[in-house]
Each structure stands twice: as structure tokens, then as C-alpha cells.
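> quick one: sequence plus predicted model below, questions after.
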Amino acid sequence: ELAMSRTFADFEFRIVCAIQPERDTAGQILEDYPELRFDNPRNLSLNKYGRGPFCRFRIPSEWSGRSGVYILTRNGVPVYAGKCDDLAVRFNMGYGQISPRNCYQGGQETNCRINAEILRAVQSGARIELFFHSTSNSAEIEAAVISRLQTPWNRQIPSPPSISRPGLSSPVRSSADTPVGREIPAPSMPPASFEDFWRMLTTAVW
């Protein structure tokens, strides 16, 4: 039975569905080799993850147009997280259906890699489930989730967008940057003339 929602890294995610690869009448997962269907007029090489087998699967179309962060779990354990502008497109036209072109150099390697991971997991008897958190702050939440959960299918932790202030090329220093009891010295200005310099020097001495 599917849990309706789960909390990951302090964010609530709704269950979307279990990932169910297409099967034949005997119940065997249908393996796909899309790289064999590519015309390849430029004689491109397969990318690192482009050699099949892959599988085909879909998620419900009701998730079309939903933007946010998604998580894949393997037997309940988070293994992959990402962000999307349209969840149904990301899975139904990306991970769940590997196009022949994406198997070659310049194609979407991640689609191939994640599809193959799902295929191997399901073939081994694991249950893969998809969860989703709707948000307009996808980049920051994606980075936080991957960093907190250390999801093994993610190859790197994405950097959330930095917040910059116009006109500033370096951080503004504050009293918090200095030891207690010390003041941040005001920037010194060069004397305007020799007379000013001499007056400053004699005042400091006497």
C-alpha cells in the first residue's frame, strides 16, 4: 500500500506512483535497445550510459504541468532527487522513454543512466516509488534535499542560485567579522598636500 506523503529533509512530498516498467504477457519486463534504432548519419559514438537495455514506463498524466522537486525511492530509501518544470514530461518523455538520439554523444546521458538504474532495481525485485514536492523554489530545495539525503544515484550536489546585491562585487564586512571589542577601522585617505602630512605627523608625535 502506498503512503500518501512522506517527509524528506524536512519537506513534505506527495506520492505520485510506483514505477512500473512495461511487461510482456508472461510478466517479463520488456527490454528496449533504442540505440539500435538511431540512423546516426554523423557516426556519433554512444555516450557513457547509452548502451541498453532500458525499460519503458509512464506516470499518470494528471501530474502534467506540475513544477517542483521529485524523489525516487528504492524499497523506501531515497536514491535520486531532481527538479522539473513539468513532472509528467520529465518522466514520460525523459526517464521513461529513452529516445535513440539520447544514447549518443550530445544526448541526455542522465535519462539513460536513471532508466538503467530503475530497470536493474526492478529486475532485482526492488520497489521504486516516485514522490513530488510542488514548489517555485526548486533549485534551492533540490540542492538541500540531495545534500541532506546523500542520494546515491545523484552524481553531484547542485548549487542553489546565489543571491547577489546590485553594485557589490565582494561581501560587505560587518562587526560580526571582527573580534569582540575591536572596531573596523575606517579606510585611511592620503593627505592632500605636504603641509597636511606634516601637520598629521607632528600632531601624532606631540
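Yes, it's here.

> which stretch of helix or strand covers the spatially most central residue of the chain?
With distances taken as C-alpha atoms, centre = their mean, the residue of the chain nearest its centroid is residue 82 (4.4 Å). Here residue 82 is covered by strand 77-84, with elements defined by DSSP states H and E.

> ok, and for that strand, which residues are buried?
Within strand 77-84, the residues that count as buried by 16 or more other C-beta atoms under 10 Å are 78, 79, 80, 81, 82, 83, 84. The C-beta positions use only the backbone N, C-alpha and C, and glycine is treated the same way.

> next helix or strand past it?
helix 87-90.

> quick one: the strands in this structure?
Secondary structure of the chain by DSSP state E: the strands cover 5-8, 11-18, 68-74, 77-84, 128-134.

> out of the ones you listed, which is closest to residue 153?
strand 77-84 (3.7 Å; C-beta to C-beta).

> for the closest one, packing partners?
strand 68-74, helix 109-123, helix 138-149 (3 or more C-beta pairs under 8 Å, 6 or more residues apart in numbering; DSSP states H and E).

> on that earlier part again, once you drop chain neighbours, what's closest to the residue nearest to the centre of the chain?
residue 70 (5.9 Å; C-beta to C-beta, 6 or more residues apart in numbering).

> swap in residue 34?
In space, residue 34 is closest to residue 100, 4.4 Å off (C-beta to C-beta, 6+ apart).

> and for residue 67?
residue 85 (4.9 Å).

> mind listing what residue 102 touches?
Taking C-beta atoms under 8 Å, 6 or more residues apart in numbering as the criterion, residue 102 is in contact with 34, 47, 50, 108, 109, 111, 112.

> pull out the buried residues from stretch 34-42.
Neighbour count says stretch 34-42 has 34, 35, 38 buried, by 16+ other C-beta under 10 Å.

> how about stretch 62-75?
In stretch 62-75, counting by 16+ other C-beta under 10 Å, buried: 63, 66, 68, 69, 70, 71, 72, 73, 74.
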